[in-house]
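**Q** Show me the folded form of this:
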Amino acid sequence: MVPISRQPFMSSGPTGMTFRIQRDSAGDGDILRLAGRIQGEYLEELIQQVKRRPGTVLDLEEVALVDASVVRFLRDCERDGVKLRHCPRFIREWIGREDDDPEEVKRQGG
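**A** Alright, predicted model coming up:
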């Protein structure tokens, strides 16, 4: 896939670790390449980026750390049909634990 456009978003948190979003656009959808430490404070920007175009894929290959709110967001993205590419094992396992959490089931109305 040849990228048509790239629109990077970068932010540096209080720990000095950087979070980066790079959008690669091609005919049938976008790939958002995420890198660094993703915290809840960045969710609004990430949500906007995902909603911009149907068929978005999240590439998590360069993600180093996430917090619980981001894991719940990623879980919900998958439920809504967003593909998670190169999802690190620790994130995949955490998503699975969130699915098994009885408190989360209550919050979801189950």
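
**Q** Would you check how far apart the residue most central in space within the chain and Gly81 are?
**A** By C-alpha atoms, centre = their mean, the chain has its centre lying nearest to Leu74, at 5.2 Å. Counting by C-beta to C-beta, to the nearest Å, the gap from Leu74 to Gly81 is 13 Å. C-beta here means a position set from N, CA and C on the backbone, and glycine is covered the same way.

**Q** got any residues that touch both of those two?
**A** Counting by C-beta atoms under 8 Å, 6 or more residues apart in numbering, Leu74 and Gly81 have no common neighbour.

**Q** Arg37 should be in a strand, yeah?
**A** Yes: per DSSP: H, G, I helix; E, B strand; the rest coil, Arg37 lies within a strand segment.

**Q** I figured Leu43 was touching Val70, is that so?
**A** Yes: between Leu43 and Val70 a contact is recorded at 6.7 Å, counting by C-beta atoms under 8 Å.

**Q** Neighbour count for these two, which is higher?
**A** Higher neighbour count among Leu43 and Val70: Val70, with 23 against 15, using other C-beta atoms under 10 Å.

**Q** Was I right to think that one contacts Gln39?
**A** Yes: in this structure, Val70 is within contact of Gln39 by C-beta under 8 Å, at 6.8 Å.

**Q** May I have the phi/psi pair for Cys87?
**A** Per-residue torsions, Cys87: phi -70, psi 120 (degrees, to the nearest 10).

**Q** State the helix or strand in which the closest residue to it other than its chain neighbours lies.
**A** Spatial nearest neighbour of Cys87, excluding adjacent residues (C-beta to C-beta, 6 or more residues apart in numbering): Leu60 at 5.0 Å. Here Leu60 sits within strand 57-66, counting by DSSP states H and E.
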